[in-house]
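Asker: coordinates only, sequence not included:
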């Protein structure tokens, strides 16, 4: 996956000083690289029963939508607080540079649904832990959490211990 890693742009001091932002827009823009990314992830889950792909705002939507289509699954958005129009469940978490809250519609999952959680980046694990909490509040069964990128030095995987985690590219 080194050739995909080379397509990702690194931007220092964004969104604040001391953060090295991994910009995936350069990978997404490359149609061959994007196709390979989606094909690789789809083949990983091709034999798995996935009812729903739960994708985390915002870049997770890009990956999650295409992956759900390829897997023949539904897609459920996990959004930041105040952006969903109906009744929600909420979970708050710490970011590497602040605090936030995620929401999911109360009727987004049926009890026992097999759920693949998708996001672009695993950093400290706070966002993903909140997503796990939301899926479990609704009775979903987590198949795996999948990420394009994992920042290993931030140890987010440790916060997700007990759940299967897959990341395609590690920094």
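Answerer: Thanks, I have the structure now. Owing to the predicted nature of the structure, the values given are computational and were not obtained by experimental measurement.
Asker: Verify the stated contact: residue 65 with residue 76.
Answerer: No: the criterion here is CB atoms under 8 Å, and residue 65 misses it with residue 76 at 10.8 Å. Heads up, the C-betas are built off the backbone N, CA and C, glycines and all.
Asker: need the strands for this protein, in chain order.
Answerer: Counting by DSSP state E, the chain has these strands, from start to end: 9-12, 20-23, 52-56, 74-80, 88-95, 98-105, 114-122, 141-150, 165-170.
Asker: Okay, buried residues for the longest one please.
Answerer: It refers to strand 141-150. Neighbour-count burial for strand 141-150 flags 142-150 (criterion: 16 or more other CB atoms under 10 Å).
Asker: And for residue 87, the neighbour number?
Answerer: Neighbour count of residue 87, defined by other CB atoms under 10 Å: 9.
Asker: again with residue 160
Answerer: For residue 160, using other CB under 10 Å, the count is 18.
Asker: if we can go back for a sec, show me which of the buried residues of strand 141-150 is closest to residue 52.
Answerer: residue 143 (9.6 Å; CB to CB).
Asker: ok, that closest one - contacts?
Answerer: Neighbouring residues of residue 143 by CB atoms under 8 Å, 6 or more residues apart in numbering: 45, 48-50, 114-116, 164.
Asker: Output the below-cut-off pLDDT ranges for the protein.
Answerer: Where the chain drops to pLDDT under 70, the residues are 95-98.
Asker: so what's the most centrally placed residue in the chain bridging to?
Answerer: Nearest to the geometric centre of the chain sits residue 119, at 1.5 Å (CA atoms, centre = their mean). Note on residue 119: beta-bridge partners residue 147, judged by DSSP bridges.
Asker: Tell me if I'm right that it and residue 131 touch.
Answerer: Yes: if you go by CB under 8 Å, residue 119 and residue 131 touch, sitting 7.5 Å apart.
Asker: Mutual contacts of the two, please.
Answerer: Common neighbours of residue 119 and residue 131 (CB under 8 Å, 6+ apart) are 56, 145.
Asker: before we move on, back to that, list only buried entries from the contacts of residue 143.
Answerer: Buried, going by 16+ other CB under 10 Å: 45, 50, 114-116, out of the contacts of residue 143.
Asker: related to what we said a few turns ago, among the contacts of residue 143, which two are most distant?
Answerer: Farthest pair in the contacts of residue 143, by CB to CB: 49 and 164, 14.4 Å.
Asker: and the longest helix along the chain, what other elements does it pack with?
Answerer: Longest helix in the chain by number of residues (criterion: DSSP state H): helix 31-45. Contacts defined by 3 or more CB pairs under 8 Å, 6 or more residues apart in numbering; DSSP states H and E place helix 31-45 against helix 2-5, helix 25-29, helix 59-71, strand 141-150, strand 165-170.
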